[in-house]
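In: sequence and predicted structure below; questions after.
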Amino acid sequence: MTNGDLGWITNYIWGIADDVLRDVYVRGKYRDVILPMTVLRRLDAVLEPTKQAVLDMKESLDEMGIADQKVALRQAAGQAFYNTSKFTLHDLRARASRQQLRADFEDYLDGFSPSVQDILENFEFRNQIPRLSKADALGTLIEKLTSPDINLGPEPVRNTDGTVRQPGLDNHGMGTVFEELIRRFNEENNEEAGEHFTPRDAVALMAKLVFLPVADEIEDGTYVLYDGACGTGGMLTVAEDVLLQFAKERGKEVSTHLWGQEINAETYAICKADLLLKGEGEAADNIVGGPEHSTLSNDAFPTRTFDFMLSNPPYGKSWKTDLERMGGKRDMHDSRFVIEHAGDPEYSLVTRSSDGQMLFLANKLSKMKQETKLGSRIAQVHNGSSLFTGSAGQGESNIRRWIVENDWLEAIVALPLNMFYNTGIATYVWILTNRKPEHRKGKVQLIDATKWFRPLRKNLGKKNCELGPEDIERICRTFLDFEETEESRIFDNEAFGYWKVTVERPLRLAVDLSEEKRNEFFDACLEADEERLGNAVESLAPRLGDGPHPDFNDFLQTVEAEVPRHGIKLTAKRKRLLRDGLADRDEEAKPVVKKVHRLGTVADPIRGLYEVGEGSERRVVEYEPDTELRDTEQIPLKEDGGIEGFLRREVLPYAPDAWYAAQSVKTGYEISFNRYFFKPEPMRTLDEIRAEILQVEEETEGLLLEIVGQSK
């Protein structure tokens with residue numbers, strides 16, 4: 001059957017929606033009826049030749065008292081599904097009343113096997129029956145879909161003389177028609193289209209990026225494909241077609257198994273129905289979905305691994321509900337998201353609850369095959385936030401670090417803007433594998449394909465361009481060539497890593513010992529009776545003097561030595577009150593000592609261990625850091641001299657008393673894509689700027705003269 005024939009069938013079904021549902025539903029709701037009815041008509045037509053055999057088998061099994069009848073009924077039907085109702089859709093065309101038609105139609109639906117029941121339930125199709133029946137539209141729908149003018153069955157419709165009136169529609173053709181209907185409905189509701197329907201040009205690119213590098217290594221056998229956010233299933237089926245095509249071109253016999261999970265009930269139903277319509281009943285059984293089946297909090301395949309994995313997960317979408325189901329960040333124990341890495345047995349991949357897209361990638365990485373020659377290959381769509389969101393030690397950065405340090409990331413491709421249906425933001429395809437070829441080991445390729453596209457003749461929502469075959473070929477060739485060009489940059493893995501370093505400077509305090517302030521705060525902080533407090537203050541006065549005291553440590557030592565003699569306890573809390581009440585920051589004051597280390601400790605100023613005093617008074621101390629002067633530096637892993645080299649060059653010349661907190665150093669990774677491909681516009685010359693200013697002045701003068709009624 002030609003593409004023109006398939007287009008005619010699609011238009012016919014589309015026309016049914018306009019003809020029958022116009023006054024019953026708003027246009028955006030046509031899909032709620034047309035999609036499930038199209039599925040039912042196809043399944044009905046496929047089952048017609050074996051209808052009697054299924055009814056006979058059902059009767060026999062009931063007589064023998066056999067409860068589990070699924071396998072036998074499938075065999076009788078010759079399909080992965082069956083219907084035990086006595087009715088077909090043709091039988092339902094002639095009914096005397098709407099009430100009778102509704103009752104018989106519901107009986108017909110009840111006869112379908114569990115896989116079809118699951119589809120109908122997630123379509124929520126039974127909820128539409130009362131409305132269709134009341135509007136007397138149900139019978140019209142059935143009549144139009146079973147008309148001899150259209151054939152959704154695999155066998156041809158013949159005239160009375162035996163000639164073919166309508167050719168049969170094979171599984172692939174039916175799948176094509178169904179996908180085209182989905183696409184049109186998505187365009188009608190383009191604000192949601194991108195959530196569940198990835199443009200076929202993007203899917204074709206992803207599939208080729210996954211399979212091309214290993215196309216010549218594909219052997220006879222079975223390969224398993226997976227999509228953890230499978231939507232309507234298009235990514236799985238397109239990837240399957242590409243794999244089978246590559247295998248056929250190389251003379252290989254391969255079979256595939258498709259596995260997927262989808263949380264949205266309707267798109268899950270569409271996915272499962274599409275696979276059934278294409279004759280892939282086993283694959284339909286491997287699709288799990290519905291609101292209770294979130295990939296993040298309810299992984300349907302915790303023990304399975306897959307050869308090839310492709311996804312376009314939701315981005316910018318909260319997964320807070322999933323996080324709560326999993327115990328929250330503190331009590332998260334899912335082995336996909338809390339792993340062992342870099343010496344940390346509880347290395348957390350848990351991202352912000354406002355966006356879970358990176359967790360879908362972590363989920364796939366947990367399902368990679370480890371023992372096979374090809375391992376696993378992954379392609380996943382992300383928006384720009386996955387490249388840089390999250391500071392060192394946070395979930396997104398930890399995922400990037402985990403990926404890069406395991407050398408799994410092959411390439412990232414920047415796609416054209418406005419290529420997806422519901423968003424104009426930048427999107428990227430990540431390509432990963434745990435079997436990098438030798439020439440790619442330790443390297444990551446970034447490809448800027450933002451200028452490789454062709455415009456659409458008509459915008460589809462925000463989608464105004466697509467990848468033509470030549471664009472896909474150019475991207476794939478750039479990927480396979482693995483060479484430095486204007487659009488292709490190649491980096492060492494470490495180029496994306498950095499240390500997040502906390503740089504401290506000492507707290508410097510001067511004490512105000514003016515009589516009024518001293519008495520006020522001693523009274524508040526020492527908490528003694530008037531006589532003892534007076535005696536203490538009187539004995540301290542000559543030792544402390546009056547006015548500013550530039551050494552808080554000396555001041556505190558003096559107070560600590562004197563007040564116990566007057567029966568006053570100087571607790572840590574009172575020391576803090578003294579500091580906060582009497583001391584102020586002063587750049588000229590001496591640093592406040594936090595800790596004095598034992599003898600033998602080696603001084604290391606850049607790490608905050610300073611040597612003070614001389615001779616027998618020599619000590620190594622740590623200073624109290626000033627939180628107001630605290631700063632952080634992001635130091636590249638490839639920095640010459642590492643952390644210390646950077647600090648000696650970039651920090652110490654301007655802040656000689658600075659040090660870094662070695663225990664606070666965290667390693668992070670980010671990929672600043674735009675920085676690597678940014679092309680600054682050349683600056684205009686002074687002559688060009690001057691000419692433009694003179695032109696504006698001239699125009700302004702002419703307008704002013706025109707306003708006041710004068711000519712130049």
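Out: Yep, that arrived.

In: quick one: low-confidence ranges for the stretch 601-712 of the chain?
Out: Where the stretch 601-712 of the chain drops to pLDDT under 70, the residues are 702-706, 708-712.

In: one more time with 80, if that's ok
Out: Applying pLDDT under 80 to the stretch 601-712 of the chain flags the ranges 678-683, 697-712.

In: how many other residues sit next to the residue lying closest to residue 280 once chain neighbours are set aside?
Out: Once flanking residues are discounted, residue 280 sits nearest to residue 258: 6.9 Å by C-beta to C-beta, 6 or more residues apart in numbering. Backbone N, C-alpha and C define where each C-beta goes, glycine included. Residues lying near residue 258 (other C-beta atoms under 10 Å) number 24.

In: and residue 644, backbone torsions?
Out: phi -70, psi -40 (degrees, to the nearest 10).

In: hmm, it is touching residue 604, no?
Out: No. The criterion here is C-beta atoms under 8 Å, and residue 644 misses it with residue 604 at 10.1 Å.

In: okay, and the residue nearest to residue 280 sits in which element?
Out: Applying DSSP states H and E as the criterion places residue 258 in strand 254-262.

In: and that strand, what's buried?
Out: 254, 256-262 (16 or more other C-beta atoms under 10 Å).

In: show me which of those residues is closest to residue 326.
Out: Set against residue 326, the nearest of the buried residues of strand 254-262 by C-beta to C-beta is residue 261 (16.0 Å).

In: what's downstream of the strand holding residue 258, the next helix or strand?
Out: Using DSSP H and E, the first helix or strand after strand 254-262 is helix 265-277.

In: list the buried ones in that next one?
Out: 265-277.

In: the strand holding residue 258 pairs with which strands, parallel or anti?
Out: strand 221-227 (parallel), strand 287-289 (parallel) (DSSP bridges).

In: sorry, back to before: show me what contacts the residue nearest to residue 280?
Out: Taking C-beta atoms under 8 Å, 6 or more residues apart in numbering, we find residue 258 in contact with 225-226, 233, 236-237, 240, 275, 280, 283, 286-287.

In: try it again at 7 Å.
Out: 225, 236, 240, 280, 283, 286 (C-beta atoms under 7 Å, 6 or more residues apart in numbering).

In: what of residue 439?
Out: Here residue 439 is in contact with residue 482 (C-beta under 7 Å, 6+ apart).

In: Three-state assignment for it, please.
Out: helix (DSSP: H, G, I helix; E, B strand; the rest coil).

In: next one: the one 5 residues further on
Out: Going by three-state DSSP, the secondary structure assigned to residue 444 is strand.

In: centre of the chain versus the strand holding residue 258, how much separation?
Out: Chain-centre distance of strand 254-262: 21 Å, with C-alpha atoms, centre = their mean, to the nearest Å.

In: per-residue confidence at residue 520?
Out: Residue 520 carries a pLDDT value of 66.

In: can you tell me which of the buried residues of strand 254-262 comes closest to residue 540?
Out: residue 261 (73.6 Å).

In: mind checking pLDDT for the closest one?
Out: pLDDT at residue 261 comes out at 97.

In: residue 120 versus that one, what's the distance?
Out: 20 Å (C-beta to C-beta, to the nearest Å).

In: what's the burial count for residue 125?
Out: 20.

In: give me phi/psi at the nearest residue to it once chain neighbours are set aside?
Out: Leaving aside its sequence neighbours, residue 125 sits nearest to residue 36 (C-beta to C-beta, 6+ apart; 4.2 Å). The phi/psi pair for residue 36 (degrees, to the nearest 10) reads phi -70, psi -30.

In: now residue 493
Out: phi -50, psi -40.

In: pretty sure it sits against residue 444.
Out: Yes. Contact status for residue 493 versus residue 444: in contact at 6.2 Å, counting by C-beta atoms under 7 Å.

In: okay, those two: which has more neighbours?
Out: Shown here are residue 493 and residue 444; by other C-beta under 10 Å, residue 444 has more neighbours (22 against 19).

In: list the contacts of that one.
Out: Here residue 444 is in contact with 409, 411, 491, 493 (C-beta under 7 Å, 6+ apart).

In: and the furthest pair within these?
Out: Within the contacts of residue 444, two members stand farthest from each other by C-beta to C-beta: 411 and 493, at 12.6 Å.

In: still on that earlier bit, drop anything exposed from the contacts of residue 444.
Out: 409, 411, 493.

In: all helices of the stretch 601-712 of the chain, in order?
Out: In the stretch 601-712 of the chain, the helices defined using DSSP state H, counting those that start in this stretch lie at 642-650, 673-677, 686-707.

In: return the most buried member of the ones you listed.
Out: A comparison of the helices of the stretch 601-712 of the chain by mean neighbour count, using mean count of other C-beta atoms under 10 Å, puts helix 642-650 on top with a mean of 15.

In: got the CA coordinates for that helix in CSV?
Out: Written as CSV, here are the backbone C-alpha positions of helix 642-650 (Å, rounded to 0.1, in the frame of the first residue of the first chain):
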residue,chain,number,x,y,z
GLY,A,642,46.1,22.5,41.1
ILE,A,643,44.4,24.2,43.9
GLU,A,644,47.5,25.6,45.5
GLY,A,645,48.9,26.9,42.3
PHE,A,646,45.7,28.7,41.6
LEU,A,647,45.6,30.3,45.1
ARG,A,648,49.2,31.4,44.9
ARG,A,649,48.6,33.1,41.6
GLU,A,650,45.1,34.4,41.9
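
In: what packs against that helix?
Out: strand 631-636 (3 or more C-beta pairs under 7 Å, 6 or more residues apart in numbering; DSSP states H and E).

In: now the strand it packs on, how far from the centre of its chain.
Out: 27 Å.

In: immediately after the worst-scoring helix or strand of the chain on mean pLDDT, which helix or strand?
Out: Ranking every helix and strand in the chain by mean pLDDT, DSSP states H and E puts helix 190-196 at the bottom, with a mean of 49. Downstream of helix 190-196, the next assigned helix or strand under DSSP H and E is helix 200-211.

In: which positions within that next one qualify as buried?
Out: Quick answer for helix 200-211 (16+ other C-beta under 10 Å): 201-211.

In: ok, stretch 277-292 next?
Out: 277-280, 283-290.

In: nearest residue to the middle of the protein?
Out: Centrality entry for the chain: nearest residue to the mean C-alpha point is residue 357, 1.6 Å, by C-alpha atoms, centre = their mean.

In: gap between it and residue 229?
Out: Taking C-beta to C-beta, one finds residue 357 at 9 Å from residue 229.
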